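Novice: give me coordinates for this.
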Amino acid sequence: MRHCPNHLSSHGSRTSRRLRSLLAVGTVVFLGYRAPLARAQERSSDDLRRLNQSVDTLVKRVSPSVVQILVSGYGPLEETDHGNANSIVGRQRAIGSGFVIDETGYIVTNAHVVRGAERLQVVLPNPDVENSLEAALSTRTRVVPAQIVGVSRELDLAVVKVDAGKLP
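Specialist: Model prediction:
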């Protein structure tokens, strides 16, 4: 069999035309999808920015009402090598969090936080600090005594009351 130069060049040019056509179509398709993809990424970025701004706004709005709760009391100690933990009772301390639900001093926390409480104190944030991070790091806080008003062990919720004036 002899190779025909025309056959090769004819086959080569047909292949290269086909390849150029496929590349052209591929480029058009790629560019056609690239613009909507960029717009979708832009929208996604805008959505994330708006979500971040909403969360920041929410944190700034509610953070003044978030408090720490300091509890001390007596209860069963952790189990020891010598036996049952229920037979050993000792002094316990706990720290929890809560939030003001009424400006007159009602605060919601978890029931397990106040369980066994003999002494209950609430750490109120510094009202002069605007930023929630600054408030968390502030050393200027006010500690006030609190009383348990109600407990629901089933829901793990408790309401405590402080007399500290008007709260946020």
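
Novice: okay, now the residue nearest to S65 when sequence neighbours are not counted: neighbour count?
Specialist: Leaving out its chain neighbours, the residue that sits closest to S65 by Cβ to Cβ, 6 or more residues apart in numbering is V100, at 4.1 Å. In short, each C-beta sits where N, CA and C put it, glycine included. Using other Cβ atoms under 10 Å, the number of residues around V100 comes to 21.

Novice: only alpha carbons, please: show the helix or strand that contains V100 as CSV.
Specialist: For V100, the host element (DSSP states H and E) is strand 89-102. The C-alpha trace of strand 89-102 is given here as CSV (Å, rounded to 0.1, in the frame of the first residue of the first chain):
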residue,chain,number,x,y,z
VAL,A,89,-20.9,15.7,99.6
GLY,A,90,-18.8,18.8,99.2
ARG,A,91,-18.6,22.4,98.2
GLN,A,92,-19.3,23.1,94.5
ARG,A,93,-18.9,26.1,92.3
ALA,A,94,-20.3,26.6,88.8
ILE,A,95,-20.3,29.3,86.2
GLY,A,96,-23.1,29.6,83.6
SER,A,97,-24.6,32.1,81.4
GLY,A,98,-28.1,33.6,81.0
PHE,A,99,-29.9,36.5,79.5
VAL,A,100,-32.1,39.3,80.7
ILE,A,101,-35.7,38.8,79.6
ASP,A,102,-37.2,41.7,81.5
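
Novice: what about that strand, average pLDDT?
Specialist: Summarised as a single mean, pLDDT over strand 89-102 is 89.

Novice: direction included, what does it pair against?
Specialist: Partners of strand 89-102 in the sheet, by DSSP bridges, are strand 66-76 (antiparallel), strand 106-109 (antiparallel).

Novice: helix or strand next in line after the lowest-mean-pLDDT helix or strand in the chain, which one?
Specialist: Lowest on mean pLDDT, DSSP states H and E among the helices and strands of the chain sits helix 132-137, with a mean of 58. Moving toward the C-terminus from helix 132-137, the next helix or strand (DSSP H and E) is strand 142-152.

Novice: could you check the angle strand 66-76 makes with that next one?
Specialist: 60 degrees (axes from the mean of the first three to the mean of the last three Cα atoms, to 10 degrees).

Novice: moving C-terminal of strand 142-152, what's the next helix or strand?
Specialist: Next element after strand 142-152 (DSSP H and E): strand 157-162.

Novice: quick one: strands adjacent to that next one?
Specialist: strand 106-109 (antiparallel), strand 142-152 (antiparallel).
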